[in-house]
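Trainee: A structural model of the following input is requested.
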Amino acid sequence: MQNLQDLFDTLQVTKKEQKEIKKEYSDALMNANGYVEVSDELKKQREKKKQIEAMTQSRMGERYVLLENLKKKAEELDEAITDIAMSTLMEGKTVEIKDQYDNAYAPTYKITFKKVA
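Mentor: Numbers count the residues shown, from 1 in each chain. Down below sits the predicted model:
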């Protein structure tokens, strides 16, 4: 198995190279025929879309507010499920849940690193 630090260093180099190529790509797009015009039109259409969405949300009133509240509740429940599953795993127990159709679900794991300082 490779050393964690070596892999991290390789990742940093890869990300730096990726960033440089993305900059080149962005510059090439700016020089491409019609790109700026299409981008401007896309921005206008996105703004129009936002206006239509806002109008529709205000027309829906309480139903849309309920939708937003349900989204928040689902996020909170998802976080609680994750916390309980992690605690159960830390105790050395198996974690499995089932839906209404008796389909089994097993947890998946993902570890990410965040810059400390």
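Trainee: Show the low-confidence segments of this protein, by residue range.
Mentor: Residue ranges of the chain with pLDDT under 70: 1.
Trainee: What ranges does it have for its strands?
Mentor: Counting by DSSP state E, the chain has strands at residues 97-98, 104-105.
Trainee: From the contact counts, what lies against the last one?
Mentor: Contacting strand 104-105 under the criterion 3 or more Cβ pairs under 8 Å, 6 or more residues apart in numbering; DSSP states H and E are the following elements: strand 97-98. All C-beta spots, glycine's among them, are computed from the backbone N, C-alpha and C.
Trainee: one step back: of the strands of the chain, which approaches Q12 most closely?
Mentor: Of all these, strand 104-105 sits nearest to Q12, with 34.9 Å by Cβ to Cβ.
Trainee: P107: neighbour count?
Mentor: 14 (other Cβ atoms under 10 Å).
Trainee: what sits against it?
Mentor: A85, L89, V95 (Cβ atoms under 8 Å, 6 or more residues apart in numbering).
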